[in-house]
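Undergrad: okay, predicted coordinates and the sequence, questions at the end:
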Amino acid sequence: MMAFNIKNNILSKLFPIITVLLIFIRGFESFNLYSLETRYIEVPVDHFSATPITKYFYLRYMVNAKYYRKGGPVFVYTGGNRDISITAQNSGFLFDIAPIFNAVLVFIEHRYYGTSLPFGNASFATIENLKYLSTTQALADFAFLIDALKKKFFQKAEPPFIAFGGHYGGMLAAWLRLKYPHSVDGAITSSAPILYFPELTSCEGYYKTVTRVFKVYGKEKCVKTIKLGWEVILDLTKSNLGKDYISSTWKLCNKLKTPEDVDIFLDWLANVYIKLAMVNYPYSSEYFEPVPAFPVMVFCNKLTSNYVNNTKGFIQNYAEALQMITNYTGQTDCINIFYKQEDSNEVAWQYQTCTELIMPKCSTDEDMFLTKNWNYQQFALNCYKQFGVRSRPNGPLTYGKNVDSYSNVVFSNSMLDPGAWGGAYLKSADTLNDSVLTYQIIDAPHLMDLRGSDSADDNNIVTARKFYISTIKKWLKRG
């Protein structure tokens, strides 16, 4: 029997199927690099309700069975806080190794992200609708789908299932292995901040990592110029004329008018630096927005090579440096710094970081950002005002805080990936117990190890991928 044959798939008869998959996405490239078949499965809104009447919704997942051969494993990517079609196109490593293992690839979307909305357009309308957005419900979705696939396609000989995931998706892959060990036989995680929670990890490391990237690729002069930039902007925005000058010079879609607008602008600028550090790939990419190869270096070279020792000239040069990043394609008329309420993925992530994924961030004089303290009480109050929820800072401890209780899990982290802060660190390829490994990549941007192979990849990335392959082979050999 050919697994995942759509003609014989009962799920395909019950649920809508999208057969044309060349959807234009803002992913790794401006077109789909990897062929995927989109499917849906009906899952409970609440997996843990004891009531006889249960509501269901359609959870999206994507499949590639091109390289499958009988006896091959199933590689499952546990989706995080993004549209799963974008995640899949940025996860070329799975497509690269599928022929090696004769594997089926399955990318599962996280509820409340992408098109997997339990209440459709009303999913974010009320707290009653939002309350089913949690890690426990998402993990139950993954286990539910995996169980359905096993029953439908592998009744006679159940193959091994290996989970993959990056950042939040990596946390879920590890938690899936811990909570549902019968569902997956192992998990490869990249930059999974499994310990990034209050009282477990210090708050200053995230911004320090971003600063480290800028020091390595932009040199100390760039970091000093950025720190000076905060002072210049704060001083200039004290007056309306200064606000107007920044608004026009930086081509903002809406003028800065109030102190609150200035705060939003400063947060936006900080977020630009964070994104640049995360996508500092040695080739052009579109992980967030289109950027050139080594965007940190490109930005810093422009910022520091034309340094002007007067306020207006400094701001003008700053704007031109940022335009090389924020408008790399030249297609953007203006920059919208204001939060888009219609961005459901952003709303979902803010809700999760308010309720259970509380990752404290603070900045000090030792990094390139404005000094910012972590105040849990204020954070919790802001969350209550926004969503009407009470934060649970110790929520993830449901899964334990000692990662040596896991089995068959790789925790891989890069020293130059801000998203890896709070991950499980030991020495490279060190062992936490007989089957839990941590792998430390010296120099790599965000989730680069899970991206497709490229001629620009350095030995750190190539070696890490070889380590994942050899580890999977060991797991499969053990059975």
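TA: Received the coordinates, thanks. Note that the coordinates shown come from a computational prediction; the quantities given were computed from them, not determined experimentally.

Undergrad: tell me, what residue is most central in this structure?
TA: residue 167 (5.2 Å; CA atoms, centre = their mean).

Undergrad: dump the residue contacts of that one.
TA: 80, 190, 191, 192, 193, 419, 446, 447 (CB atoms under 8 Å, 6 or more residues apart in numbering). C-beta: built from backbone N, CA, C; applies to glycine.

Undergrad: if I look at the last one, how far off is residue 204?
TA: When CB to CB, to the nearest Å is applied, the distance between residue 447 and residue 204 equals 23 Å.

Undergrad: cool, the fourth one as well?
TA: When distance is defined by CB to CB, residue 192 is 20 Å away from residue 204.

Undergrad: which one's more surrounded, these two?
TA: Legend: neighbour count by other CB atoms under 10 Å for residue 192 and residue 204, higher for residue 192 (32 against 19).

Undergrad: helix/strand/coil for residue 165?
TA: Three-state call for residue 165 (DSSP: H, G, I helix; E, B strand; the rest coil): strand.

Undergrad: is it in a bridge, and if so with what?
TA: Using DSSP bridges, the beta-bridge partners of residue 165 come out as residue 189.

Undergrad: the stretch 251-400 of the chain: strands as residue ranges?
TA: Assigned by DSSP state E, counting those that start in this stretch, the strands in the stretch 251-400 of the chain number zero.

Undergrad: domain-wise, how is the chain divided?
TA: What automatic domain parsing lists as the domains of the chain is 6-197+396-478, 203-393.

Undergrad: can you put those domains in JSON lines and add mean pLDDT?
TA: Converted to JSON lines, the domains of the chain look like this (pLDDT from 0 to 100):
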{"stretch": "domain 6-197+396-478", "mean pLDDT": "86"}
{"stretch": "domain 203-393", "mean pLDDT": "93"}
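
Undergrad: so residue 469 makes contact with residue 97?
TA: Yes. Applying CB atoms under 8 Å, one finds residue 469 in contact with residue 97, separated by 6.0 Å.

Undergrad: higher neighbour count, those two?
TA: Counting neighbours by other CB under 10 Å for residue 469 and for residue 97 shows that residue 97 has the greater number, 19 against 16.

Undergrad: so how far is residue 234 from residue 362?
TA: For residue 362 relative to residue 234 (CB to CB), the value is 19 Å.

Undergrad: before we move on, what about residue 328?
TA: 27 Å.

Undergrad: do the same with residue 419
TA: Applying CB to CB, the value for residue 419 to residue 234 is 28 Å.

Undergrad: compare the two (neighbour count), which wins?
TA: Set residue 419 next to residue 234 and count neighbours by other CB under 10 Å: residue 419 wins out with 25 against 13.

Undergrad: hmm, that one is touching residue 275, no?
TA: No. Look at residue 419 against residue 275 with CB under 8 Å: they stay out of range, at 10.8 Å.

Undergrad: residue 89 contacts residue 64, doesn't it?
TA: No. Using CB under 8 Å as the test, residue 89 is too far from residue 64 to be in contact (11.6 Å).

Undergrad: overlap of the contact sets of the two?
TA: Joint contacts of residue 89 and residue 64 (CB under 8 Å, 6+ apart) are residue 34.

Undergrad: now for the helix ranked longest in the chain, which elements pack on it?
TA: Longest helix in the chain, counting residues (DSSP state H): helix 205-236. Packing partners of helix 205-236 (3 or more CB pairs under 8 Å, 6 or more residues apart in numbering; DSSP states H and E): helix 240-249, helix 259-278, helix 295-305, helix 311-326.
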